[in-house]
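K.L.:
Okay, predicted coordinates and the sequence, questions at the end:
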Amino acid sequence: MVHTDTTVAGIRLSNPMMLASGILDENGYTMLEILKKGAAAVVTKSIGTSERTGYKPPVVVPIQGGLLNAIGLANPGIKNFRGEMEIALRGNKPVVGSIFGATADEFLQLALDMEEYGATAVELNLSCPHVAGYGTEVGSDPQLVEDIVTTLKSKLKIPVFAKLSPNVTNIVDIANAAHKADALVLINTVRAMSIDIHARKAVLTNRYGGLSGPAIKNVGVRYVYEVRKETGKEIIGVGGIENTNDLVEYVMAGASAVQIGTALYTQGKDIFSRIEANLEKFMEAEGFNRISEMIGVAVE
Amino acid sequence: MVHTDTTVAGIRLSNPMMLASGILDENGYTMLEILKKGAAAVVTKSIGTSERTGYKPPVVVPIQGGLLNAIGLANPGIKNFRGEMEIALRGNKPVVGSIFGATADEFLQLALDMEEYGATAVELNLSCPHVAGYGTEVGSDPQLVEDIVTTLKSKLKIPVFAKLSPNVTNIVDIANAAHKADALVLINTVRAMSIDIHARKAVLTNRYGGLSGPAIKNVGVRYVYEVRKETGKEIIGVGGIENTNDLVEYVMAGASAVQIGTALYTQGKDIFSRIEANLEKFMEAEGFNRISEMIGVAVE
Amino acid sequence: MIVKIISDVERIGRNTVTIRFSWDQKVEPGQFLMVWMPNHSEIPISISHTGPLKGITIRSYGETSEAMIGLRKGDRIFFRGPYGRPFDIKPGRKLIVGGGSGMAGLLPLVDSRAYGVVSARTSSDLLFADRFAEGHVTMVTDDGTAGIRGFAIDGVKSLQLDEFDMMYVCGPELMLKSILDYVAHKSIPAQFSLERTMKCGIGICDSCSIDGRQLCTEGPTFSKEELMGMHEFGTTRLTESGKRIQIGRH
Amino acid sequence: MIVKIISDVERIGRNTVTIRFSWDQKVEPGQFLMVWMPNHSEIPISISHTGPLKGITIRSYGETSEAMIGLRKGDRIFFRGPYGRPFDIKPGRKLIVGGGSGMAGLLPLVDSRAYGVVSARTSSDLLFADRFAEGHVTMVTDDGTAGIRGFAIDGVKSLQLDEFDMMYVCGPELMLKSILDYVAHKSIPAQFSLERTMKCGIGICDSCSIDGRQLCTEGPTFSKEELMGMHEFGTTRLTESGKRIQIGRH
Ligand SMILES: Cc1cc2nc3c(=O)[nH]c(=O)nc-3n(C[C@H](O)[C@H](O)[C@H](O)COP(=O)(O)OP(=O)(O)OC[C@H]3O[C@@H](n4cnc5c(N)ncnc54)[C@H](O)[C@@H]3O)c2cc1C
Ligand SMILES: Cc1cc2nc3c(=O)[nH]c(=O)nc-3n(C[C@H](O)[C@H](O)[C@H](O)COP(=O)(O)OP(=O)(O)OC[C@H]3O[C@@H](n4cnc5c(N)ncnc54)[C@H](O)[C@@H]3O)c2cc1C
Ligand SMILES: Cc1cc2nc3c(=O)[nH]c(=O)nc-3n(C[C@H](O)[C@H](O)[C@H](O)COP(=O)(O)O)c2cc1C
Ligand SMILES: Cc1cc2nc3c(=O)[nH]c(=O)nc-3n(C[C@H](O)[C@H](O)[C@H](O)COP(=O)(O)O)c2cc1C
Ligand code: FES
Ligand code: FES
């Protein structure tokens, strides 16, 4: 018998797929819908201490091989997010609260609020590639990463995921700095840009944005593999997954679970149930009974 | 009248397109053929001090959005390369000698040989993402980059191009370290990996490889833009260019010329003449008379 | 981005213009474009003319729409799309109810037998009332400067609904809500085109969502039955930041 | 990578096997696959059976081909392709000249009227000589253990070439060269399939090139006329490192 359920950082998941942060997860009702459609868990969009409208559109540009985005961490502020959490939690599945901040203290306050709202875990966005002072600027400083993770781990009851950026010279240094996290999430978007040659101008209002989708799949697989091999940590893989084979590739590279974002645009919300069905078939054909038997089998 | 010729680091090019290093440029006759087919210049594959067979195949894997490669710096050694240079130079167009080494001294010896063979310029491969001790390991160390470039600039008569890696946290630091170079070449491949889920194993013998092709185009555009904006240096853009619009996007981001690699596989060798014809049409329609009028127009 | 040269700009009302450009693309009534004004922003705009010579009709409300109505013949227009689920057009007699710039997206539905209820704050804001056949339109203004004084719903209430085979409605959400409440248990089938904050247009940013469905991909048109089950319809929506607010009149 | 289950492995000579697998893909005679043996290497192998039940015929020369001939029914085979320009098959009577494992890629061309010159170092290395109709084959061995003692060219010289409409040749490059030199100014048209170091199979690594053309994409088949203009043919080639060496007998 094939079992597609799995566990990551002690959290039971009915299948290895979560909704990635920032995609269809600012409205509680949408998260609820995604859970109904078959996601095992959702990660909320990244929430900060105060309300931000983000950048003016264009904030998303469809390009060959994926999407480019610079939303600019638009979010209602943690206090205004309680209601959405409540709605999402009606799905009776894990809801992971993604948060971003500039200091360990900010992260701690946000995490405590998320915990109080009922979040199953918090995910630290240490990697948003296009807002000054946040994300990568935090996430590429090993000392700061270590401070944040250590602070949170000492105060929180729920698991802590650290989401890392691919836009660094040495991911293993950062992964080691985050070693106290219950799981690492790899990868956030890859810094990129699109220029409209007729407008003679960058399309995104912020000019720089983050590349997601199939274009970065093999980049994500590489980070998962490398970090799994060098640190042995539990990993949640994300980046360009749009079918069962992509998911399996991440799992064999060392991911215990995965997140899916951009494929919601290209494949629709049925992606979760479709992949789950095909995953069962794949495991059956290949003689795997449990997800755990596949995790990291390609790592050598 | 539209003119598609241009100049980079003082080198006149009949159009803005060069063949990128590592693609169809280890055999002198092939380089000659590429020049005949319309490339304004060729860059040789990266040559080191001694003969290397590189990794065992698979060394190249076609994937969605491009290619993954880990050739492993296979090369005949600089002394054995003289003959190929002689053949390539019969094309009467610029031939840029790409070289890789571990120290400033190694780079210097290689560069002096290239200069003697008649190379129009040397391109320093500071960025190959998959051979220990070379490439990125050299190219992510600003001090070493500065040493190498300074040493070469003091001894060579021909221009020096520094080819940088996108696999770094802060490209501007590295670009500044290479500020004495006559031009910067951006970007080399993005570190990535492909796992065969049936073989349960990385496909490349080296496991890690470099991603090229359309998947990295917007990553390359971003690096060109950022480095142009922050340093003002002359740049040669490379990464995922496969049509006229891609070329123009790089030029508007700040590239004075471009290199094309992977598209030789997807578009064939006629790509150079095809792009040149379309480039003329584009410039005519958009009211540009010279390439120089387009360089960096999107940078703000 | 798609780029086209503007072939014509027609001023059709106070702060309102129709911009025409040829674009060889099949689009259906109810679909929209994400129109980019470089140096300003990118905003959703319905396609008001769906033939080979396409058209969009913009009323200036703020910075970007203001810049857009300043475009001239020969200028370029940048956009992506077409996006959204079109109206499901039912043969027969149409009742078309448009509030404010909401008429823009309904225009392609207007035919010789269609009947219109066209509403606006004031008479100079009434859009496309002249596109209906003689005697086939009821005008409604908040201030009574033309037609019935009141809201769109008052225009609807003045009609014999069983004369129509389908009702198509577009305008502010509270207007839609008042009409839905009125027709909910009547036999006339109805479709509504909604407007909410839109950032991506392709179903990923969640800014336009209503009850888990994205206006930009699963809408903006919804049937009466679909809307009837929605908690958020006419009650709350998210702002650009993602903050939940009560829906008020614009 | 494409993965298929091996349906049969047939031993067909000393260190030589044919591996069969079904693969629903149109392939043409002269094309090849890049076959991957995980933990070993990836090597180019001609398609010896081009019907729905595909086949490849491998002789063990080194590590990877050795591992490949150890594959069994039920094992998996990993490959990419098909690659390469196929033979341009001309109707009429074929003269097929194969040296060593070069016969593998020629096998799909063999029909009842075809005539073969099959050469090898020694009799136990002769491949597919039995596939030609009775009396339609000349065998040649370096050591004289079967047929004519000598090289493939000696077999060719023994024939009346104007009986044939097209000659198809595959084998070591020096053998090809000797045959080209012989037929260069004769009227018989001829095509040659070459073997050089191949790393990528898709025309980018330059390891297989000859006179600026890539064997893997523009070849491996070339016409007589194409080869006649080539400086590198039969003289020099690049090794795996890219070093230029003289072409010798394997
Ligand atoms: C699917 C869809 C289709 C649309 N089609 C059209 C169309 O065909 N023609 C058209 O003119 N507009 C249309 N709109 C509305 C249009 O997108 C907005 O008017 C526009 O985003 C305003 O941008 P701005 O930068 O000019 O104004 P902003 O600076 O964003 O807004 C200025 C002020 O106007 C208010 N406002 C914004 N939109 C409206 C509105 N629709 N009604 C009343 N007040 C408003 C804002 O709340 C704000 O107070 C459509 C919207 C959607 C979602
Ligand atoms: C287009 C093409 C089609 C091919 N088709 C076939 C085929 O259908 N069947 C087949 O068996 N082989 C075929 N080959 C040859 C095959 O690819 C090589 O035999 C193989 O690469 C050897 O790999 P290896 O790792 O086993 O041996 P290696 O370890 O690479 O080589 C071992 C030794 O054998 C020598 N050697 C390698 N190849 C040959 C050769 N072809 N003839 C004589 N000596 C050789 C090498 O120089 C070396 O000394 C083809 C080659 C090409 C380019
Ligand atoms: C529109 C958009 C918004 C995103 N917002 C966030 C965010 O708020 N926080 C975060 O950690 N990641 C964010 N991401 C990154 C995704 O969570 C994910 O890491 C990335 O898109 C790669 O996965 P994908 O290819 O499946 O989309 C966003 C991605 C997109 C496309
Ligand atoms: C097969 C292959 C081999 C390469 N070898 C080299 C090399 O030897 N030296 C180097 O500087 N870059 C090398 N590159 C990188 C290319 O020069 C180029 O920077 C990269 O492929 C991006 O451009 P593209 O997308 O047009 O291919 C290689 C790329 C490929 C695909
Ligand atoms: S506008 Fe982004 S989901 Fe609809
Ligand atoms: S094998 Fe690489 S070019 Fe032919």
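P.N.:
That came in fine, so what should we check first? Numbering: from 1, shown residues only, chains lettered A, B, ... in the order given. Ligands and ions are numbered 1, 2, ... in the order given.

K.L.:
Who are the contact partners of the closest residue to chain A within chain C?
P.N.:
Proximity of chain C to chain A (CB to the nearest CB) peaks at residue C:212, 2.9 Å away. For the C-beta atoms, the positions are set from N, CA and C on the backbone; glycine is no exception. By CB atoms under 8 Å, 6 or more residues apart in numbering or on different chains, residue C:212 lies in contact with A:27, A:29, A:30, A:32, A:33, A:34, A:36.

K.L.:
again, only using 10 Å
P.N.:
Counting by CB atoms under 10 Å, 6 or more residues apart in numbering or on different chains, residue C:212 makes contact with A:24, A:27-37, A:87, A:269, C:206, C:218, C:230-232.

K.L.:
which residue ranges form the helices in the stretch 151-300 of chain A?
P.N.:
A:171-177, A:217-231, A:244-252, A:263-267, A:271-286 (DSSP state H, counting those that start in this stretch).

K.L.:
same thing with chain C?
P.N.:
C:63-69, C:103-106, C:152-157, C:173-183, C:224-228 (DSSP state H).

K.L.:
Against residue C:192, how distant is the most centrally placed residue in chain C?
P.N.:
Central residue of chain C (CA atoms, centre = their mean): residue C:102, 3.1 Å from the mean position. With distances taken as CB to CB, to the nearest Å, residue C:102 is found 10 Å from residue C:192.

K.L.:
same thing with residue A:64?
P.N.:
Taking CB to CB, one finds residue A:64 at 35 Å from residue C:192.

K.L.:
Mean pLDDT lowest where, among the helices of chain C?
P.N.:
The minimum mean pLDDT among those belongs to helix C:152-157 (a mean of 92).

K.L.:
picking that back up, overlap in contacts, residue C:102 and residue C:192.
P.N.:
C:169, C:170, C:171, C:175, C:176.

K.L.:
Which one's more surrounded, residue A:64 and residue C:192?
P.N.:
Between residue A:64 and residue C:192, counting by other CB atoms under 10 Å in any protein chain shown, residue C:192 is the more crowded of the two (27 against 16).

K.L.:
That one contacts residue C:224, correct?
P.N.:
Yes: applying CB atoms under 10 Å, one finds residue C:192 in contact with residue C:224, separated by 7.3 Å.

K.L.:
Would you pull up the residue in chain C closest to ligand 6?
P.N.:
With CB to the nearest ligand atom, the shortest gap between chain C and ligand 6 falls at residue C:1, namely 36.8 Å.

K.L.:
burial of whichever residue of chain C sits closest to ligand 4, as a residue count?
P.N.:
Using CB to the nearest ligand atom, the single residue of chain C nearest to ligand 4 is residue C:1, 23.0 Å away. Neighbour count for residue C:1, taken as other CB under 10 Å: 21.

K.L.:
Quick check: bridge partners of the nearest residue to it once chain neighbours are set aside?
P.N.:
Spatial nearest neighbour of residue C:1, chain neighbours left out: residue C:78 (4.6 Å); criterion: CB to CB, 6 or more residues apart in numbering or on different chains. On the basis of DSSP bridges, residue C:78 is bridged to residue C:3, residue C:36.

K.L.:
And for residue A:62?
P.N.:
Applying DSSP bridges, one finds that residue A:62 bridges with residue A:67.

K.L.:
what residues are up against it?
P.N.:
Per CB under 10 Å, 6+ apart, neighbours of residue A:62: A:68-69, A:194, A:213, A:262, A:265-266, C:1, C:80, C:200-202, C:204.

K.L.:
Show me which of the helices of chain C has the highest average neighbour count.
P.N.:
Neighbour counts (mean count of other CB atoms under 10 Å in any protein chain shown) averaged over each of the helices of chain C peak at helix C:103-106, with a mean of 28.

K.L.:
so the closest residue to ligand 5 within the stretch 101-250 of chain A bridges to which residues?
P.N.:
Of the residues in the stretch 101-250 of chain A, the one nearest ligand 5 is residue A:212, at a distance of 14.4 Å by CB to the nearest ligand atom. For residue A:212, the beta-bridge partners under DSSP bridges are residue A:67.

K.L.:
Would you mind writing the CA trace of stretch C:151-168 as CSV?
P.N.:
The C-alpha coordinates for stretch C:151-168 follow below in CSV (Å, rounded to 0.1, in the frame of the first residue of the first chain):
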residue,chain,number,x,y,z
PHE,C,151,-29.8,54.2,-7.9
ALA,C,152,-29.6,51.5,-10.6
ILE,C,153,-31.8,49.2,-8.6
ASP,C,154,-34.6,51.8,-8.9
GLY,C,155,-34.3,51.6,-12.7
VAL,C,156,-34.4,47.8,-12.6
LYS,C,157,-37.5,47.8,-10.4
SER,C,158,-39.3,50.0,-12.9
LEU,C,159,-39.1,47.2,-15.5
GLN,C,160,-41.0,44.1,-16.3
LEU,C,161,-38.1,41.6,-15.8
ASP,C,162,-39.9,38.6,-17.4
GLU,C,163,-39.5,40.3,-20.8
PHE,C,164,-35.8,39.5,-20.7
ASP,C,165,-33.8,36.3,-21.2
MET,C,166,-30.7,37.4,-19.4
MET,C,167,-29.6,40.3,-17.3
TYR,C,168,-26.0,41.5,-17.4
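
K.L.:
Output the contacting helices and strands for the helix or strand residue A:80 falls within.
P.N.:
If you go by DSSP states H and E, residue A:80 is part of helix A:78-89. Using 3 or more CB pairs under 10 Å, 6 or more residues apart in numbering or on different chains; DSSP states H and E, the elements in contact with helix A:78-89 are helix A:28-36, strand A:95-99, helix A:104-117, strand C:236-238, strand C:244-246.
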